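Student: Structure of the sequence below:
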Amino acid sequence: MVLAEFLTEWNRADTTVEVQTSGSTGAPKSMLVEKARMMASARMTNDFLGLSHGDIALLCMDLKYIGAKMMVVRSLERRLRLIEVAPTGHPLANLPKEIANQKIDFAAMVPLQVYNSLQVEEEAQRLRDIRHLIIGGGAVDEKTAQQLHSFPNAVWSTYGMTETLSHIALRRMNGPDASLWYTPFTGIRLSLDHEGCLIIDAPMLCDARLYTNDQAELLPNGCFRILGRKDNVIVSGGVKIQIEEAERILTPVLRYPFQITYIADEKFGQALVLLTEDPNPQKLEAICHKVLPKYWAPRQYLHTNHLPWTETGKAARQAAQRLATALLFA
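Tutor: Numbers count the residues shown, from 1 in each chain. You can find the predicted model right below:
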């Protein structure tokens with residue numbers, strides 16, 4: 001879908017538009033969302049960031065996903081000057097002449113686009129010049145986060161999902177206000193269920209309370225940090241291992257891309273597996289035993305040429321589990 005097609009859909013008399021989930025925890029699916037709720041979500045982001053009429057916004061993500069659609073709606077709500085470029089891995093490589101000598105006020109990217117842009121000095125400088133850069137759709141690796149920390153303008157990590165019409169909270173990734181804690185937008189009420197998973201109450205965005213699988217820590221002031229997904233907890237020999245936490249610990253010390261998954265195991269119930277693009281995976285065993293908590297070290301180290309990712313750059317967890325099983329039992 002291109003911008004003109006989405007605007008045609010938006011301007012129809014229908015009160016809803018169709019969006020697609022990312023597929024990070026299962027097969028992607030389509031859903032209808034109300035235009036009025038999308039406008040409410042857009043207003044929250046624009047108010048939070050202080051965006052105003054005439055600011056330049058960059059559309060560089062695939063319009064079949066909610067994150068890109070919401071960039072358009074934010075521009076409509078605040079009358080931003082929206083510039084569309086192809087949703088490639090290098091969105092800043094060939095900017096239109098009309099903004100070639102102007103700074104972008106607002107852009108949303110997935111982590112892979114940010115990573116790629118940092119590899120090319122001219123694109124990296126363009127990235128640094130963006131007044132508000134929001135990053136969503138997946139985790140930012142430690143090395144990239146360190147590079148972003150010194151950026152002169154605001155870089156934000158987003159928290160949200162298709163069901164919340166993109167993000168409902170932001171956290172600063174750089175500068176003196178950098179934090180691991182997300183600040184929810186005005187009107188968003190949060191709580192935790194008995195398993196420590198986040199519950200979102202946002203009547204302006206969705207009809208009913210949204211019960212997530214994201215285990216979180218919640219402060220009295222409403223700020224929160226995500227510990228990992230409930231369905232990404234591996235129980236191996238009675239020990240609970242949070243996949244995202246294990247990946248966070250290993251990211252600074254492993255050179256090649258990797259993912260943590262598991263296979264069914266007769267003795268342990270579930271056995272941790274490290275999938276890696278490192279051609280010599282067995283050498284990673286000593287590193288894992290050194291840096292991970294006791295009993296968290298993987299029991300299998302498997303090489304693959306291509307790790308499974310979703311289109312938005314998230315680890316495709318179910319595909320990773322299937323791949324590990326296939327590699328071990330083929």
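
Student: At which residues are the helices of the stretch 1-150 of the chain located?
Tutor: 3-11, 35-49, 66-78, 111-118, 121-129, 142-149 (DSSP state H, counting those that start in this stretch).

Student: Now do the strands in the stretch 51-200 of the chain.
Tutor: 56-59, 81-84, 106-109, 132-135, 154-161, 166-172, 183-184, 189-192, 197-201 (DSSP state E, counting those that start in this stretch).

Student: okay, those strands, which one's buried deepest?
Tutor: strand 106-109 (a mean of 26; mean count of other CB atoms under 10 Å). Heads up, the C-betas are built off the backbone N, CA and C, glycines and all.

Student: Mind listing the strands it pairs with, and their directions?
Tutor: Using DSSP bridges, the strands paired with strand 106-109 are strand 56-59 (parallel), strand 132-135 (parallel).

Student: Export those as TSV, with columns for distance to G187.
Tutor: Listed next are these as TSV, based on distance: least, CB to CB, whole Å:
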stretch	distance to G187
strand 56-59	23
strand 132-135	19
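
Student: Distance check, the nearest residue to V140 once chain neighbours are set aside against E18.
Tutor: Counting by CB to CB, 6 or more residues apart in numbering, V140 lies nearest to P111, which is 4.9 Å off, once chain neighbours are set aside. According to CB to CB, to the nearest Å, P111 and E18 sit 25 Å apart.

Student: ok, the two, which is more surrounded?
Tutor: P111 (20 against 12; other CB atoms under 10 Å).

Student: any idea how far that one is from V235?
Tutor: 29 Å.

Student: sec struct for the nearest residue to R299 once chain neighbours are set aside, please.
Tutor: Computed as CB to CB, 6+ apart, the closest residue to R299 that is not its neighbour in sequence is A271, at 4.5 Å. Three-state call for A271 (DSSP: H, G, I helix; E, B strand; the rest coil): strand.

Student: How many residues are close by A271?
Tutor: 20.

Student: got a list of what it touches?
Tutor: S236, Y262, I263, A264, D265, R299, Q300 (CB atoms under 8 Å, 6 or more residues apart in numbering).

Student: at 7 Å what do you get?
Tutor: By CB atoms under 7 Å, 6 or more residues apart in numbering, the contact list for A271 reads S236, Y262, I263, D265, R299, Q300.

Student: which of the residues you listed count as buried?
Tutor: Among the contacts of A271, those classed as buried by 16 or more other CB atoms under 10 Å are S236, Y262, I263, R299, Q300.

Student: returning to what we had before: mean pLDDT added to the strands of the stretch 51-200 of the chain, as TSV?
Tutor: As requested, the strands of the stretch 51-200 of the chain are exported to TSV (pLDDT from 0 to 100):
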stretch	mean pLDDT
strand 56-59	97
strand 81-84	96
strand 106-109	97
strand 132-135	97
strand 154-161	95
strand 166-172	95
strand 183-184	97
strand 189-192	97
strand 197-201	96
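
Student: Those strands: which one's closest to P220?
Tutor: strand 189-192 (11.2 Å; CB to CB).

Student: elements contacting that closest one?
Tutor: strand 197-201, strand 210-218 (3 or more CB pairs under 7 Å, 6 or more residues apart in numbering; DSSP states H and E).

Student: Now do it: everything it contacts.
Tutor: Residues contacting strand 189-192 (CB under 7 Å, 6+ apart): P184, L198, I199, I200, D201, A216, L218, G222, F224.

Student: how near is the second one to L82?
Tutor: For L198, the distance to L82 under the criterion CB to CB works out to 31 Å.

Student: Same check on the third one?
Tutor: With distances taken as CB to CB, I199 is found 34 Å from L82.

Student: Any stretches of the chain with poor pLDDT?
Tutor: 1, 21-28, 330 (pLDDT under 70).

Student: ok, back up a step: point out the most buried one among the helices of the stretch 1-150 of the chain.
Tutor: Sort these by mean neighbour count, taking mean count of other CB under 10 Å, and helix 66-78 sits at the top with a mean of 23.

Student: Between strand 166-172 and that one, find me the angle.
Tutor: 90 degrees (axes from the mean of the first three to the mean of the last three CA atoms, to 10 degrees).
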